[in-house]
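Asker: Please work out how this folds:
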Amino acid sequence: MHLRRLAQVLFLLIPAAGAAQISLSSAVDLAEKNSPAVRGAVANLQKATAAWQESKDAYIPNFVVGLSPGYAYGFPLGYPSFFNANASSLVLSWSQKDYIRAARQAVNGASLSLKDAQQQVALDVALDYVELDYDLKAIAALEEENGYAGSLVQIEQERVQAGVDARRSQLEAELTAAQVEEKRFHLENDAEAMRQKLAHLTGLPALGLTTINNSIPAAPAADSFAPIDAQIIANNPAVSAAYANAKSKWYVSLADEKQNYRPLAAFGAQYSLFEKTPGYTEYFPHFQYNNVELGVQITFPFFDATRRARARESAADAAHAGADADAALNILSEQAATLRGSLRELAAQQKVAQVQSEIAQADLEAVVTELNNGTGTPNGAPVTPAQAQKARIEERQDYAQVLEANFTLMKVELNLLRTTGQLETWVRSALQ
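Answerer: Down below sits the predicted model:
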């Protein structure tokens with residue numbers, strides 16, 4: 001399984017034109033294996049599982065053997081045991097079943113905390129991956145825009161030298177080219193920062209790291225989400241872990257309460273092989289080598305102030321854990337509601353940017369047609385090459401606005417998916 005997974009990663013990282021490509025799902029897989037938070041959550045789950053097993057094993061008799069060689073002088077002290085074996089176990093406890101239930105809920109909470117850590121890593125990777133993908137597409141659009149801006153500067157220089165346009169026209173073209181260059185440098189720096197972040201998350205080299213655009217699934221529409229509160233309880237692992245922890249503490253408080261006024265029974269067995277050292281036969285005429293003892297110890301805790309105080313302490317812990325779980329649910333519900341509201345506004349902005357881009361494309365097509373074929377109007381002013389370059393620049397600028405609107409909307413959608421516990425399903429949907 002590991003070899004196959006390694007082969008898939010190596011295949012995705014085959015250099016293509018000096019760039020290493022990796023899909024979103026592969027990046028998430030690598031990050032989850034590389035994440036210290038995930039490894040810590042795995043250790044917590046293993047610890048909780050061991051504690052649960054320990055609580056169940058209280059009913060299984062233990063077996064201990066030992067040797068006690070020695071020498072006695074004078075009146076014997078203690079038992080002359082050379083070899084002994086002991087076994088003991090819990091027989092009856094009104095509390096132990098609740099302790100086992102508490103440990104089982106702790107395992108459930110640790111498992112959900114592990115899932116929450118994995119989803120947080122998936123969100124970190126997804127946000128960086130989507131941003132890198134946006135940067136790369138925006139840089140490509142700016143490189144085209146930079147070419148058009150350079151051509152516009154050259155055209156304006158020629159027109160200024162010919163006395164057709166004023167010097168201001170050339171300066172405006174140079175300003176446009178400088179602004180495009182500034183944006184490109186900013187995006188290149190951001191892309192490099194995203195590569196570094198992905199490299200730290202996945203353990204891969206940052207140099208030449210690029211995305212696979214079709215590995216990014218489309219985010220679900222806001223209207224497709226179920227009611228927020230119900231969905232958070234059902235899917236958000238952090239909230240579910242908080243409630244599992246509260247239930248575990250409630251079982252502990254219940255068990256501590258049952259330790260008062262209820263009997264406790266324990267089984268015990270012991271075998272001892274006595275040694276015939278000087279003095280024992282003299283003082284113990286009925287001395288024998290083999291000795292066995294079996295029995296059940298039953299205790300009735302009629303009054304134990306310490307246990308009663310512990311029960312009150314456990315009850316307070318359970319109440320506090322329940323309040324923390326309710327608070328976590330309220331916070332995430334408010335965050336989800338805010339994100340849902342932002343989605344509607346950003347979706348409207350995305351629509352505006354898309355329409356403006358389509359208008360710019362239509363204007364560019366009209367300008368290019370008039371530049372090549374004329375206006376078709378006898379007295380119409382002809383389209384100049386400078387106007388055509390400006391139309392191309394405006395079209396690229398509007399396209400860049402669409403990319404930015406899509407990216408901003410995607411970030412909010414990813415955070416909402418994380419809040420509602422659907423992020424992992426979204427990441428894996430690309431594999432289908």
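Asker: can we go C-alpha only for contacts and neighbour counts from here?
Answerer: Fine.
Asker: Let me see the contact set for residue 341.
Answerer: If a contact means Cα atoms under 8 Å, 6 or more residues apart in numbering, then residue 341 has no contacts.
Asker: tell me the secondary structure for it?
Answerer: helix (DSSP: H, G, I helix; E, B strand; the rest coil).
Asker: Distance-wise, check it relative to residue 412.
Answerer: 10 Å (Cα to Cα, to the nearest Å).
Asker: Equivalent analysis for residue 163, please.
Answerer: From residue 163 to residue 412 the distance is 52 Å (Cα to Cα).
Asker: ditto for residue 206
Answerer: Residue 206 is 26 Å from residue 412, by Cα to Cα.
Asker: one step back: which one's more surrounded, residue 163 and residue 412?
Answerer: Neighbour totals were compared for residue 163 and residue 412, and residue 412 leads with 18 against 10 (other Cα atoms under 10 Å).
Asker: what pLDDT does residue 2 get?
Answerer: Listed pLDDT for residue 2 reads 45.
Asker: Over to residue 76?
Answerer: 64.
Asker: Provide a list of residue ranges in this structure with pLDDT below threshold.
Answerer: 1-19, 70-78, 221-231, 277-279, 374-381, 431-432 (pLDDT under 70).
Asker: can you tell me which helix or strand the residue sitting furthest away from the middle of it belongs to?
Answerer: Distance from the centre of the chain peaks at residue 282, with 74.3 Å (Cα atoms, centre = their mean). Taking DSSP states H and E as the criterion, residue 282 maps to helix 280-283.
Asker: Which strands border the helix or strand following that helix, and is each parallel or antiparallel?
Answerer: Sequence order places strand 290-299 as the next helix or strand after helix 280-283, per DSSP H and E. The pairing partners recorded for strand 290-299 under DSSP bridges are strand 264-274 (antiparallel).
Asker: what comes up buried for the partner strand?
Answerer: Neighbour-count burial for strand 264-274 flags 264, 266, 267, 268, 269, 270, 271, 272, 273, 274 (criterion: 16 or more other Cα atoms under 10 Å).
Asker: same check, this time on stretch 311-323
Answerer: Within stretch 311-323, the residues that qualify as buried by neighbour count (16+ other Cα under 10 Å) are 311, 314, 315, 317, 318, 319, 321, 322.
Asker: Same list, those residues, but as JSON lines with distance to residue 233 and secondary structure please.
Answerer: Listed next are these as JSON lines, based on distance: Cα to Cα, whole Å; DSSP: H, G, I helix; E, B strand; the rest coil:
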{"residue": "311", "distance to residue 233": "29", "secondary structure": "helix"}
{"residue": "314", "distance to residue 233": "25", "secondary structure": "helix"}
{"residue": "315", "distance to residue 233": "24", "secondary structure": "helix"}
{"residue": "317", "distance to residue 233": "22", "secondary structure": "helix"}
{"residue": "318", "distance to residue 233": "19", "secondary structure": "helix"}
{"residue": "319", "distance to residue 233": "19", "secondary structure": "helix"}
{"residue": "321", "distance to residue 233": "16", "secondary structure": "helix"}
{"residue": "322", "distance to residue 233": "14", "secondary structure": "helix"}
